[in-house]
Structures are given as structure tokens and as C-alpha cells.
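> return a 3D structure for these sequence lines:
(chains A and B)
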Amino acid sequence: MQGRDTEVFEKSVKVIHAEPNREAPNMPVTLVIGTRKGLFLARSEDRGNWTLDGPHIAGYEVQSAWLDPRDPRLGYAAAHHPVWGVHVYRTEDGGRNWEPLPEVPRHHADEGPHSLRTLWCLAPGSAQAPGTLFAGIEPPGLFVSHDAAETWSRLEAFDQHPTASLWHPAKGGLAVHSIQVEEANPERLYTAVCAGGCYRSDDAGASWIPINEGVRAPYLADPLPVAGHNEHRLLVHPRRGGRLFRQSHTGTWISDDAGDSWREITAGLPSDFGYALATDADSPDTLFCIPEASTQMRYPVDGRLRVYRTEDAGDHWQALSAGLPQSHVYCTVLRDGMDSDHLDPLGLYFGTSSGHLFTSLDRGEHWHCQAEFLPPILSVKATIKTV
Amino acid sequence: MAEVTLRIPTPLQPYANGNGELRAEAGYVDELLERIGAEHQALVQRIRTRDGQLRPYVNVFVRRTDIRELQGLETELHDGDEVIVMPSVAGG
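Reported below is the predicted structural model:
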């Protein structure tokens, strides 16, 4: 599969093969792509030429999937099927084979709707704790595994938090998502609830505090509540401790104090609505987002698929559209649908609800469509070391 | 104890080493799934929940009858029975 300029969308026949970026390091990257009908992997030795493999776990909705940054031979996928149930799969050969695991995180022994509806999020633990991973489920619950997803334990302080009474289902359900560990301080965990707000633990999940102060929620009776926010995505900068980004139902926000306070950085964006965020490990002031028209429409503003980039922590935004379709685009990029590889120059990747996979090798300046008409894409995760 | 055949729908055959059917001895449907599950745990976990309940949209037929109309997972099996697993079908 060659990189393709998306002029194909606008002129419907002409396909241009992109030249690999000569300046890009010759670093293999694997993208793990979760879709509504299974899991795909896109592999590249040079980030310019990609091969697509899949579907794995065919027929299952794969909400969250990744190769383990601590050991990319390992990988995990959260899979759901309306008939066959919710399951966790693991690969031990870099994604070539995926095997189901016996256990799933759940509140009770049974799998009824009060115990496990959906497994929304799987996330790796600290680099210092290989084999540790986290899971966010619905009904809201946060779980940890210390044995590579063989068994799970509930972090009950999370769902028993006094503010949990403020949580309520959003359009997509009641998701616990965006689970991340602050690498320099592995006791510090973050997560978000949709709809419930963002939370932080400073003691490895033993206790939690809501981190939503000053974040407006005009869709609630109290417009500045302690919790209950409809959070679409929380992103922790991988190197600068305490630097967070959040895409809320209303607004894009930044924090420099681990979420104790927030500054809205929506000004300069064409909308305050969207889902996906990505950043650059080498540049903590850089953020990428894909604004959507409105809560009602949920597609790119003006039907133009544009990635917006700030390089000064939200003071200014730049629209990036080269290679992206610029008319009659009515797809969505979901909260886990965009990722960056943290290489230099930065590679960016996102997948759409229309099943299109886009890549950029130059911080979003130019985009190439690498796959079309996959099943609706739910998640895209990049891993820079392949096996 | 009856000698019976479990017929496996196509989507579940990867969890049974590619087999469309498995044979076992069992007195009841539950016992059959227990015995099959000892070797094919992932297969049975897609038919029953992990606490042993028949999944809501999985149908199991014994002698052409949905076991929900018989004794459920405690439905007795006879020699030569075919136990057929089928997903519920809905939509257009």
C-alpha cells in the first residue's frame, strides 16, 4: 500500500503516490487500528510505505488496542460483540496473532449490565512496571492488572468517589477513558469519565480527586460543577510533568499544574467541540486537534477535514489541510482516533468513522491517505518499535 | 451419560481449532459445555458468561427445540443428540 494524496477525494480518479519523507528517520512504526468490525495493523519501515494486515478479531468492535510501548511483542485489545460478549485479547508476537484471555475486568462475578457493559479503555502502566495495565469499563469502573491482563482488580476508590453521583451517560454511553500514568511519577494516574469529568490519583489509585475547577459545563444546571463534565479526551504530556490537555464537550483546555487549574485555549479554533488530541514529546506546547461542527452534527467544521495545531500552548492555532479532503466530509474522528509517534520529525496518524486512515510525516503539514473504507475506525495507536 | 455432538457456528469455529462440531459425553447441556470448555475455554466463554449463564443472544437447540423452552442449561441429553449453537438473528 503506497501513501496516497487525498486529491482522490476531490477529483475522484487521480491518485498521486507520495514520496517517502527523505528526512524522516528510517524507523519502523506499527499502527494498531481498532474498528467496529475488527482490528487492523498498518506497518511501515520508513513511515512512507505502509502494509495493511487484518482484520484480526474479525467481527468484534475493538474500542481500544495497542502494542505495548514497554515491549512491543506484547499488545492488548478490548473487543466487544453483541452476541459473543466482551473479551480481552493479547498478542505475544507483535500483532500477528491475537489470543483471547479468560478474564475481563468487571464489577461482579456475572456479566450482567450492572457488572460489565463495555470495556472502553485499556492502557499501559509505568515503564517501571511491565505487565501492569489499566482498564476503564462501563458501568464506570477502573481496574488494574499486574499480570499482563490475566487477572484484574478493581480500584474501588474511583467509582465510590462522592462525586460519582454527578456522573451520567453521554450519547455514547458512560465511558471511563484516557487512563494515563505520569511516567516521572508513576504513583500519579489520570482518567476521565464521559460524562463525569477528569480525575487524578496521587497514590496509584488508592484515592482520587476531581480536576475540573474552572472548566465550564453549560449543559449542566451548575455551569461550573466540581464534576459531571462531558469529557471527550484527556491527554497527559509524556515528558513535562503536570502538563495536561483536555477536549471537553465545550472547549479545549490546558493545565500546567496536574489539573488543579485550567486555561481555555479554544480561541482560534473554528469550534469548541471535538474528540481527538495528540501532542509532541519534544514540544510540550504543541497540541493537535480536529474540531467538529457541533454537538448536533459531529463532523468536521464546514465539511472540511482539517487538523489544527498550536505550538505555543494554545495562544495561536494553524489549520493544516494539505492532502485532506476539503469538501463534503461528514465523518468523525473519535477520542482514541489520533496518535503521534514522538519521532523527529513528528509523525501523526488518525482514522475516521468513514474508515479512512491518514498519516503525516511532517507535524501535520502534509497528509496522505493510507487506507480507505475500512470499517469505522475507533482507535489508532502508534508504536515505534516493531518485531 | 449420552454421546452427543455440539454443532458450532462459523464465527466460533476459530475457537474450536477450526472444527464445525465437537463430540463429547454428557448428561446435560451444562455438563457438555463444561467438558468442552475444559479444552476450548474461549469457545464456551462466548456461549456462556463467565459465571455460567447462557449469553442473552446465543440460542442453543436440543432436538430442534430452544433449550430456553426446555430446562435451559439443565436440559437432559440423549445418545445421538445434536446440540446446536446459533446466534440470534435480527435486522434486515
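> now the helices for the chain?
With no chain named, the answer covers chain A. A:7-11, A:156-159 (DSSP state H).
> other chain: chain B
Taking DSSP H as the criterion, chain B carries its helices at B:29-39, B:41-47.
> follow-up on the earlier one: confidence-wise, which of the helices of chain A is weakest overall?
Between the helices of chain A, the lowest average pLDDT goes to helix A:7-11, which shows a mean of 32.
> count the residues that sit near the residue lying closest to A:L324 once chain neighbours are set aside.
Of all residues not flanking A:L324 in the chain, A:L305 sits nearest, at 4.4 Å (Cβ to Cβ, 6 or more residues apart in numbering or on different chains). Heads up, the C-betas are built off the backbone N, CA and C, glycines and all. Look at A:L305: counted by other Cβ atoms under 10 Å in any protein chain shown, it has 27 neighbours.
> excluding covalently adjacent residues, which one is nearest to A:A322?
A:H366 (4.8 Å).
> so for A:P169, what pLDDT did the model give?
At A:P169, pLDDT is 85.
> what do you get for A:V15?
29.
> got it, and A:G173?
If you check A:G173, the pLDDT there is 84.
> any idea how far the nearest residue to it once chain neighbours are set aside is from A:R240?
Excluding the flanking residues, the one nearest A:G173 by Cβ to Cβ, 6+ apart is A:E138, at 5.4 Å. From A:E138 across to A:R240, the span is 31 Å (Cβ to Cβ, to the nearest Å).
> where do the strands of chain B begin and end?
All strands of chain B, identified by DSSP state E, fall at B:2-7, B:21-26, B:58-62, B:65-66, B:82-87.
> single out the most deeply packed of those.
Stretch with highest mean neighbour count among the strands of chain B: strand B:58-62 (a mean of 21; mean count of other Cβ atoms under 10 Å in any protein chain shown).
> and the residue sitting nearest the centre point of chain A, what does it touch?
Taking Cα atoms, centre = their mean, the centroid of chain A lies closest to A:D336, which sits 2.2 Å from it. Contact analysis of A:D336 by Cβ atoms under 8 Å, 6 or more residues apart in numbering or on different chains lists A:34, A:63-64, A:121, A:177, A:276, A:378-381.
> kindly recompute the last result at 7 Å.
A:64, A:378-379 (Cβ atoms under 7 Å, 6 or more residues apart in numbering or on different chains).
> please apply the same query to A:G125.
A:132-134, A:181.
> so the residue nearest to A:L324 touches A:A322, yeah?
No: using Cβ atoms under 7 Å, A:L305 is not in contact with A:A322, being 11.3 Å away.
> ok, how many other residues are close to A:F373?
7.
> apart from its chain neighbours, what residue comes closest to it?
A:F373 sits nearest to A:G355 (Cβ to Cβ, 6+ apart), 4.9 Å away.
> roughly how far apart are that neighbour and chain B?
From A:G355 across to chain B, the span is 20 Å (Cβ to the nearest Cβ, to the nearest Å).
> now do B:S88 against A:W84, distance only.
From B:S88 to A:W84 the distance is 11 Å (Cβ to Cβ).
> what do you get for A:S248?
35 Å.
> what is the distance between stretch B:42-56 and the centre of its chain?
10 Å (Cα atoms, centre = their mean, to the nearest Å).
> write out the residues of chain B neighbouring chain A.
B:11, B:41-42, B:46, B:49-51, B:53, B:55, B:57-58, B:87-88 (Cβ under 7 Å from any Cβ of the partner chain).
> what is the neighbour count of whichever residue of the stretch 151-300 of chain A sits closest to chain B?
Per Cβ to the nearest Cβ, A:W152 is where the stretch 151-300 of chain A lies closest to chain B, at 11.8 Å. The number of residues packed near A:W152 is 20, by other Cβ under 10 Å.
> in the longest strand seen in chain A, which residues are buried?
The longest strand of chain A (DSSP E) is strand A:283-292. For strand A:283-292, burial by neighbour count (16 or more other Cβ atoms under 10 Å in any protein chain shown) applies to A:283-292.
> now it, how far from the centre of its chain.
Here strand A:283-292 is found 13 Å from its chain centre; the criterion is Cα atoms, centre = their mean.
> do stretch A:110-128 as well
With Cα atoms, centre = their mean as the basis, the mean position of stretch A:110-128 lies at 15 Å from the chain mean.
> between the two ends of it, how far is it?
This stretch, stretch A:110-128, spans 33 Å end to end (Cα to Cα, to the nearest Å).
> which residues touch residue 86?
I went with chain A, as the question did not name one. A:80, A:104, A:116, A:118-119.
> sorry, should have said chain B
B:9, B:59, B:61.
> count of residues packed around B:E69?
B:E69 has 10 nearby residues by other Cβ under 10 Å.
> now swap in A:R233 and tell me
25.
> where does chain B have low pLDDT?
Where chain B drops to pLDDT under 70, the residues are B:90-92.
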